[in-house]
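J.: Build me a model from this:
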Amino acid sequence: MTMSAWERPWCGRVTRENLGQKVELVGWVRRRRDLGGLIFADLRDRTGLVQLVFEDEMVAAGEQLSGQDVIRVRGVVRPRAEGQANPNLATGEIEIRVSELEILTESETPPFVIEDDTNASEDLRLTYRYLDLRRPVMTANLVLRHRIVAETRRYFDEMEFIEVETPILTRSTPEGARDFLVPSRLHKGAFYALPQSPQLFKQLLQVAGLGRYIQIARCFRDEDLRADRQPEFTQIDVEASFVREEDIFVLTEGLFRRIFPLAGIPFPAKVPRLDYFEAMERFGSDRPDTRFGLELVELGPLCEGCGFQVLENAAATGRVKGLVLPGGAALSRKQLDQLSDFVKPYGAAGLLWFKRTENGVASPAKKALGEAGAARFLDAAGAGEGDLLLAVGGSEKVVFASLGALRVELAKEHGLIPGGRHDFLWVTGFPLLEWSEEDGRFYACHHPFTSPLPEDAGRLESDPGSVRARAYDIVMDGVELGGGSIRIHDPALQRRMFRALGIGEEEANARFGFLLEAFRYGVPPHGGIALGLDRIVMLMAGRDSIRDVIAFPKTTSGSCLLTGAPAGVDPAQLKELGLKP
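T.: Next comes the predicted model:
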């Protein structure tokens, strides 16, 4: 008699404790090995695999099996023959002597080998994603993701947060990435927007008095994609009333102390904190990887009157900084040219290098600077014999972006990142606003509802670029895991913020009127954080792309190779939506 699905054991959980028992198992045939009069087959499900043995009268039945067939078997659990145990498998000490076999469905030959070590291209694997997810490493990623989400919900429930779902179809309030728009059939010419985040709704929930909100939230942004970015993604979205920055830090660290051990990653007792401006000066990034050195050094003062026009001009109009690569003097001219090309996409004209070797100082600038002048740059940077100093000049934005990316690239190329080490870091004190030369206006660095530091708020009109935000990011190994802020709860301050952004009263009411109206009726001080679930799982699983931890991701062009989306629709549908005459 067929067992209930809830009574039947998983393939990867049959062990020595089941010796002598008759079991029923279902799953996919991983492979079959015919030894002549004796057939072995591996049966797998999401928990792992178990070895089946077909002998005597069952050999003919076993010969029918092909890879990826779906089968049901019954048999007795017995120990493997002496010397045949596999210590790498949870089921490696036992096997199932099959007495009954039912082939539920037969499989055609898959388009690629369904093993962890596969040479199939990513496009092919995404086209057949349901097969790709059968690979144990991919299954393990989704299981880890589930465990993280389950533990997250348990943690926030213990902390007395309420999980609330917010709308997917909402109003477009563009102030960052582009919105995905959805046309309305009932209101022709009007559009919904898919939420970039639940930001406004979670603030409204604080006005509603819920106090502590949590949501595993789906978010949508129509922006250029890369390895750690998707058009639709998932946030652990958190908001609470009557909190300060310290409260959010403690809350977030408490969560991470629960979830990171799920992947064998210990979370530190204390997380260092770094001011944004110090992070930029030392690492060229607001999400620095602190597992290795290669910190940036200031070279600007040395450039004034140095005699090398390129450096003098760069220091006069911008910044000049560098970093020292220990032992880098051994790099060839070709390698140095490649590094110079590496920084150009970040806006730099190139790299200027200085070497200290046993034969003296070498640099393209040596002719203008002289031996002693070039040596001063190496001395100032702390470069010893055999080291290489790489320098970039230009605007502050270009210098930081170039050297910030270069230090990470060099660390990877030269094996400077310690294996098995993970660094966590809070970055605080971000600028509130950022000036756009192209648009001639300020933009919110975080979002328009971020509160300025109280001691800086008085400069919001007179010197808005100098105002710092009550914003914070948490970083792991150079990857931003999430960010948040203490929000503006004073309607007058919120109007001042809108004016600093060039948003007038009429525009503010048109775009955010429902929030401003709510703020008239008693809004508590509040703040929160949004953590990128996909990135967290990616790092915990040791993967390089969030596509590996999302069940059905898009490509870097925003396409779904499995379903063919985005795709055209029937003209009648467009007409019904008022999008086609």
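J.: residues in contact with the closest residue in space to Leu453 that isn't next to it in sequence?
T.: Distances taken as CB to CB, 6 or more residues apart in numbering place Arg468 nearest to Leu453, at 4.7 Å, with adjacent residues excluded. (Glycine included, C-beta is placed from N, CA and C.) Going by CB atoms under 8 Å, 6 or more residues apart in numbering, Arg468 touches 276, 429-432, 452-453, 456.
J.: Tell me which of those residues fall in helices.
T.: Among these, the residues falling in helices (DSSP state H) are Tyr276.
J.: hmm, back to that, for the residue nearest to Leu453, name its beta-bridge partners.
T.: Arg468 has the following beta-bridge partners by DSSP bridges: Pro431.
J.: so how far is Pro301 from the closest residue to Glu298 other than its chain neighbours?
T.: Excluding its sequence neighbours, the residue lying closest to Glu298 (CB to CB, 6+ apart) is Lys321, at 6.0 Å. Per CB to CB, to the nearest Å, Lys321 is found 11 Å from Pro301.
J.: Which of the two has more residues huddled nearby?
T.: Taking other CB atoms under 10 Å, Lys321 and Pro301 do not tie; Lys321 has more neighbours (22 against 10).
J.: would you say that one is within a strand?
T.: Yes. If the criterion is DSSP: H, G, I helix; E, B strand; the rest coil, then Lys321 is within a strand.
J.: beta partners of it?
T.: With DSSP bridges as the criterion, Lys321 is bridged to Glu298, Val392.
J.: dump the residue contacts of it.
T.: Per CB under 8 Å, 6+ apart, neighbours of Lys321: 284, 296-300, 391-392, 399-400, 403.
J.: Quick check on those residues: which are buried?
T.: 284, 296-297, 299-300, 391-392, 399-400, 403 (16 or more other CB atoms under 10 Å).
J.: So which of these is the closest to Leu262?
T.: Gly284 (32.5 Å; CB to CB).
J.: roughly how far apart are the closest one and Leu352?
T.: 16 Å.
J.: how about the helices of the stretch 301-450 of the chain, start to end?
T.: For the stretch 301-450 of the chain, the helices defined by DSSP state H, counting those that start in this stretch occupy 309-317, 333-343, 366-381, 396-413.
J.: longest helix of the protein?
T.: Every helix in the chain considered (DSSP H), the longest is helix 136-158.
J.: what sits up against that helix?
T.: 44, 46, 48, 116, 132-133, 163, 212, 214, 216, 236, 238, 254-255, 258-259, 262-263, 533, 536-537, 540-541, 543, 548-549, 551.
J.: Now do the buried residues in that helix.
T.: For helix 136-158, a neighbour-count test (16+ other CB under 10 Å) marks 136, 138-139, 141-142, 144-145, 148-149, 152, 155-156 as buried.
J.: With distance to Gln338 and pLDDT as added columns, please give those residues in TSV.
T.: Shown next, in TSV, are the buried residues of helix 136-158 (distance: CB to CB, whole Å; pLDDT from 0 to 100):
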residue	distance to Gln338	pLDDT
Pro136	38	96
Met138	34	97
Thr139	39	97
Asn141	34	98
Leu142	38	98
Leu144	37	98
Arg145	37	98
Ile148	39	98
Val149	42	98
Thr152	43	98
Tyr155	46	98
Phe156	48	98
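J.: ok, so of these, who is nearest Arg125?
T.: For those, with Arg125 as the reference and CB to CB as the criterion, the closest is Met138, at 8.7 Å.
J.: What's the separation between that closest one and Arg13?
T.: 20 Å.
J.: residue contacts, the residue lying closest to Pro111 once chain neighbours are set aside?
T.: Once flanking residues are discounted, Pro111 sits nearest to Tyr128: 5.7 Å by CB to CB, 6+ apart. Contacts for Tyr128 (CB under 8 Å, 6+ apart) come out as 110-112, 562.
J.: quick one: which of those residues has the most company?
T.: Phe112 (17 neighbours).
J.: Quick check: that residue touching Leu126?
T.: No. Using CB atoms under 8 Å, Phe112 makes no contact with Leu126, being 11.5 Å away.
J.: from the chain's centre, how far out does the helix or strand containing Ile259 sit?
T.: Take DSSP states H and E as the rule and Ile259 turns out to sit in helix 245-259. Distance, stretch centre to chain centre, for helix 245-259: 18 Å (CA atoms, centre = their mean, to the nearest Å).
J.: any idea of the mean pLDDT in that helix?
T.: Average pLDDT, helix 245-259: 98.
J.: where along the stretch 351-500 of the chain do the strands fall?
T.: Here the stretch 351-500 of the chain has its strands, by DSSP state E, counting those that start in this stretch, at 352-357, 360-362, 388-394, 424-428, 433-436, 441-444, 471-476, 479-486.
J.: ok, back up a step: can you pick out the most distant pair from the buried residues of helix 136-158?
T.: Pro136 and Phe156 (30.5 Å).
J.: Give me the number of neighbouring residues for Arg212.
T.: Arg212: 19 neighbours (other CB under 10 Å).
J.: Just list the residues touching it, thanks.
T.: 156, 159-162, 239-241.
J.: which among those end up buried?
T.: Buried among those (16+ other CB under 10 Å): 156, 161, 239-241.
J.: Out of the residues you listed, name the ones that lie in strands.
T.: Among the buried ones among the contacts of Arg212, the residues falling in strands (DSSP state E) are 239-241.
J.: Among those residues, which one lies nearest to Arg441?
T.: Glu239 (28.2 Å).
J.: Could you report the distance from the residue nearest to Glu298 to Ala315?
T.: For Lys321, the distance to Ala315 - CB to CB - is 10 Å.
J.: can you list residues touching both of the two?
T.: What both Lys321 and Ala315 touch, as defined by CB under 8 Å, 6+ apart, is the set 299-300.
J.: Pick the one among the contacts of Arg468 closest to Ala208.
T.: Pro452 (25.2 Å).
J.: Please name the residues that touch the closest one.
T.: 432, 460, 467-470, 493, 497.
J.: which one of the residues you listed is nearest Ala372?
T.: Proximity of the contacts of Pro452 to Ala372 (CB to CB) peaks at Arg468, which lies at 41.6 Å.
J.: okay, that closest one: pLDDT?
T.: pLDDT at Arg468 comes out at 96.
J.: Enumerate every residue touching the nearest residue to Ala508 once chain neighbours are set aside.
T.: Residue nearest to Ala508 in three dimensions, not counting chain neighbours: Phe498, with 4.6 Å by CB to CB, 6+ apart. The neighbourhood of Phe498, defined by CB under 8 Å, 6+ apart, consists of 448, 504-505, 507-508, 512.
J.: of all those residues, which two lie farthest apart?
T.: Pro448 and Glu505 (14.1 Å).
J.: So for those two, which sits in the more crowded spot?
T.: Pro448 (22 against 11).
J.: Now for that one: which residues touch it?
T.: 175, 497-498, 501, 503, 512.
J.: Contacts only, for the spatially closest residue to Ile536 that is not a sequence neighbour.
T.: With CB to CB, 6+ apart as the criterion, Ile536 has its nearest non-adjacent residue at 5.7 Å, and that residue is Leu481. With contact taken as CB under 8 Å, 6+ apart, Leu481 is in contact with 473-475, 531-532, 535-536, 539.
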